[in-house]
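Asks: Using only what follows, build the 3D model:
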Amino acid sequence: MKHLKQPIARRANGEDGCDGHFFEQRFYSGALLSEKAIIAAMAYVDLNPVRDRLAQRLEQCRDASVGVRVRENSANALTAYLQPLASGLPQPTVPRLGVTLADYLELLGNMADALTGSQPQPSDHIARWIARTASLRKRQRAYGPVESLRQWTGHRGFQLREEPLPN
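Replies: Below is the predicted model:
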């Protein structure tokens, strides 16, 4: 994010004739240590228009990539496995996620229905995913299963301050 926001901040500050932090503390980074953590982070971002009441359904999201993906009818795209953007890894080692675009969009649709009240009582599965995405608001340094978090924090000399969400 630093490399993305620094040139923008310099230009905006130059136009406004001011200096200092342009983006303040709005952006942060957290390590995503499992496939579920990656999907939760993706869902958190993709559900922003629904959470902000800009759209009730995913296909109504006009200015978000999730709207384009929902409206896309290509069978090849829907059956393809998702591949996350990975920083610092050689391309052949970037793992594919064990979920197809169709599966991900179904999960998002169910979560959107639960968030808007279209689905009065979300299933336990959807409620767990909503809790997982809500945990991203805490701005933790890392997200993932307990064992991965213990290894990650131990390797960096950090402490695990609270119990992570159960899988």
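
Asks: centroid residue for this protein?
Replies: Ala41 (2.0 Å; Cα atoms, centre = their mean).

Asks: Does it touch Gly144 like I think?
Replies: No - shown here, Ala41 and Gly144 do not form a contact pair, counting by Cβ atoms under 8 Å, at 10.8 Å. The C-beta positions use only the backbone N, C-alpha and C, and glycine is treated the same way.

Asks: any shared contact partners between those two?
Replies: Taking Cβ atoms under 8 Å, 6 or more residues apart in numbering as the criterion, Ala41 and Gly144 both touch Leu32.

Asks: Okay, domains of this protein per the record?
Replies: 1-30, 33-142 (automatic domain parsing).

Asks: I'd like the next helix or strand past the helix or strand of the chain with the lowest mean pLDDT.
Replies: When the helices and strands of the chain are compared on mean pLDDT, DSSP states H and E, helix 75-79 comes out lowest with a mean of 71. Next along the chain after helix 75-79, taking DSSP states H and E as the criterion, comes helix 101-116.

Asks: Just the residues contacting that next one, thanks.
Replies: Under Cβ under 8 Å, 6+ apart, the answer for helix 101-116 is 39, 42-43, 46-47, 50-51, 56-58, 66, 69-70, 77-80, 82, 99, 118-119, 122-123, 126-127, 129-130, 133.

Asks: Going by neighbour count, list what's buried in that helix.
Replies: Of the residues in helix 101-116, 101, 103-105, 107-115 count as buried by neighbour count, 16 or more other Cβ atoms under 10 Å.

Asks: now do stretch 44-59
Replies: Going by neighbour count (16+ other Cβ under 10 Å), the buried part of stretch 44-59 is 44, 46-47, 49-50, 55-56, 58-59.

Asks: Spatially nearest residue to Arg132, not counting backbone neighbours?
Replies: Ala40 (4.2 Å; Cβ to Cβ, 6 or more residues apart in numbering).

Asks: Next up, phi/psi of the nearest residue to Asn48 once chain neighbours are set aside, please.
Replies: Closest residue to Asn48 apart from its sequence neighbours, by Cβ to Cβ, 6+ apart: Ala64 at 7.2 Å. For Ala64, the backbone dihedrals are phi -130, psi 150 (criterion: degrees, to the nearest 10).
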